[in-house]
Structure formats: structure tokens, C-alpha cells
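S.K.: Pasting a predicted model and its sequence here:
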Amino acid sequence: MTTNPSIVEHLSSSKDIALMIGEIFGIFVVGLCVGLVGALRKKKLKFNFCKEEETKFVQTHSQIHELLTELRITIRACRCLIFQFHNGGSFADGTSIKRFSITHESYENGIQSIMLDSQDVFLTRYADIIRIMDENKASIIRTDSIPQSSFRSGLEINNVEYFSLVPLKFDDGLTPLGFLCCHWCSSDELDSIQREGVSEQMIMELILNNTQNIQFHLTQSKRNRKKQ
């Protein structure tokens, strides 16, 4: 039986076209697979990086809380808190609205937490805090010795008889970061520690040393967040 040459050529041509389409498809599939693998690897690396940074963030703030708790127990305070300043929006003229919030808190059993009640607070409502920090550097202050104000009212509501305020600053030593506040809800605790030979000056030295460690961890945390 004789095969028509045109039919053979047609079949050969069709076969070549099919092979060419198959090769193109194969290249496309390989490229797609390579791209997907690359994307998955990149996403995994990014995920691992984010996970690592998040772990560092949690560890840093756990260390801060441990420092705060250690300080509270050592000086026999009922509550130790870290307040941080932040921008809470802008006024109509474009100037920023200064606020502060409690970011870390350590309190003894039987003492109520005030963290949730002190978020996004207008700094203008508590301007006397800045004045007190300027006028009473490194000292323990009796609550009823300061003028009537929103700050004093807040202390009295939470049964705070004595307190101390120490500023927290950025690395430059000038820019305010916030402040560390210690509360004593009973003068008995201060009396007992002082009877053991620990003077007010020694208590404040402990607070100031702890403040430096807390500042270091806070600024490190902020620096790491900016890198992300």
C-alpha cells in the first residue's frame, strides 16, 4: 500500500508542532514551579524573621516586667508602673496631641491593677506630673503634700499614701520617653524597710539603678521595631 507523501509531511509537521507545544508547556511548568518554590522560600524566610523579631520583642518586655517586679519587692512598694509618652492624633492647627499610657505594671496580691484605666490619657490633664518630677528629683513624696489635682485625686482613689516619680529618657539623655512611678499604699511598708537600715536615699538609688536598666531595654525594643 502506498502512502501519500503529503499526508506523511502533514503528520510529521503536526508531530513537530505538538512536540514544540509540549516543550513550551514544560518550560512554563518548570518556571512556574521554580517561581513558587522561590516565593515559598522567601515567604518562609520572612515569616521566620518576623517570628524571630516577635520573640525578641516578647523577651524584652518580659525582662522589663521582671525588673519592675524585682524592684517592687525590694523596695516593698504596692505597685510599680511604667508610663510612656506617645502622640495621640493632632489638633486642628496640626500640633500633636500629647498622651501617655501605662505599658508595664507590677502589683502585689490584693492590690488593684490600674493599667486599663490609664490608657491614652491627655498629658494636659496631668501637667503637674512634669512639675513634680522637676521639683522633687529622686525623692519619695507623700500624696497629701502635693496640691489638689487630677494626679493627686487618682492617687487617693487608689489608696496611695506615698509615691515616687523618675523620668525615663531616650539614648540622648534629653528626649523624654516616659516615667517610672512607684506606689506605697501603706506607710507601714516604708517604716519597716527603714527600720531595717534602708534609708530613703538607698531606696531611691535602687529605683534610679532600675530605671537605667529599664530605659536600656525600652530603647532597644524601639530601635528593633524601627528596623522592621
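M.R.: Good, I have the coordinates.

S.K.: Where do the helices of this protein begin and end?
M.R.: 5-75, 127-135, 150-157, 187-195, 200-227 (DSSP state H).

S.K.: ranking those helices by mean pLDDT, which is last?
M.R.: When the helices of the chain are compared by mean pLDDT, helix 5-75 comes last with a mean of 65.

S.K.: can you pull the buried residues of stretch 95-111?
M.R.: If you call a residue buried by 16 or more other C-beta atoms under 10 Å, then stretch 95-111 has these buried ones: 99, 100, 101, 102, 103, 104, 105, 106, 107, 111. All C-beta spots, glycine's among them, are computed from the backbone N, C-alpha and C.

S.K.: same thing with stretch 173-188?
M.R.: Result for stretch 173-188 [16+ other C-beta under 10 Å]: buried residues 177, 178, 179, 180, 181, 182, 183, 184, 185.

S.K.: same thing with stretch 189-208?
M.R.: Buried-residue list, stretch 189-208, by 16+ other C-beta under 10 Å: 189, 190, 193, 198, 203, 204, 206, 207.

S.K.: Other residues contacting it?
M.R.: 71, 74-78, 138-140, 162, 164, 166, 180, 182, 184 (C-beta atoms under 8 Å, 6 or more residues apart in numbering).

S.K.: Can you tell me which of those are buried?
M.R.: 71, 75, 76, 77, 78, 140, 162, 164, 166, 180, 182, 184.

S.K.: ok, of those, which one's closest to residue 155?
M.R.: residue 162 (9.3 Å; C-beta to C-beta).

S.K.: burial of the closest residue to residue 72 other than its chain neighbours, as a residue count?
M.R.: Spatially, and ignoring its direct neighbours in sequence, residue 72 is nearest to residue 80 (4.2 Å; C-beta to C-beta, 6 or more residues apart in numbering). Neighbourhood size, residue 80 [other C-beta atoms under 10 Å]: 27.

S.K.: swap in the one 4 residues further on?
M.R.: Taking other C-beta under 10 Å as the criterion, the count of residues near residue 84 is 17.

S.K.: Turn the buried residues of stretch 95-111 into JSON lines, columns for pLDDT and distance to residue 126.
M.R.: Shown next, in JSON lines, are the buried residues of stretch 95-111 (pLDDT from 0 to 100; distance: C-beta to C-beta, whole Å):
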{"residue": "99", "pLDDT": "89", "distance to residue 126": "10"}
{"residue": "100", "pLDDT": "91", "distance to residue 126": "8"}
{"residue": "101", "pLDDT": "93", "distance to residue 126": "12"}
{"residue": "102", "pLDDT": "93", "distance to residue 126": "12"}
{"residue": "103", "pLDDT": "93", "distance to residue 126": "16"}
{"residue": "104", "pLDDT": "95", "distance to residue 126": "18"}
{"residue": "105", "pLDDT": "96", "distance to residue 126": "17"}
{"residue": "106", "pLDDT": "96", "distance to residue 126": "21"}
{"residue": "107", "pLDDT": "95", "distance to residue 126": "20"}
{"residue": "111", "pLDDT": "95", "distance to residue 126": "21"}
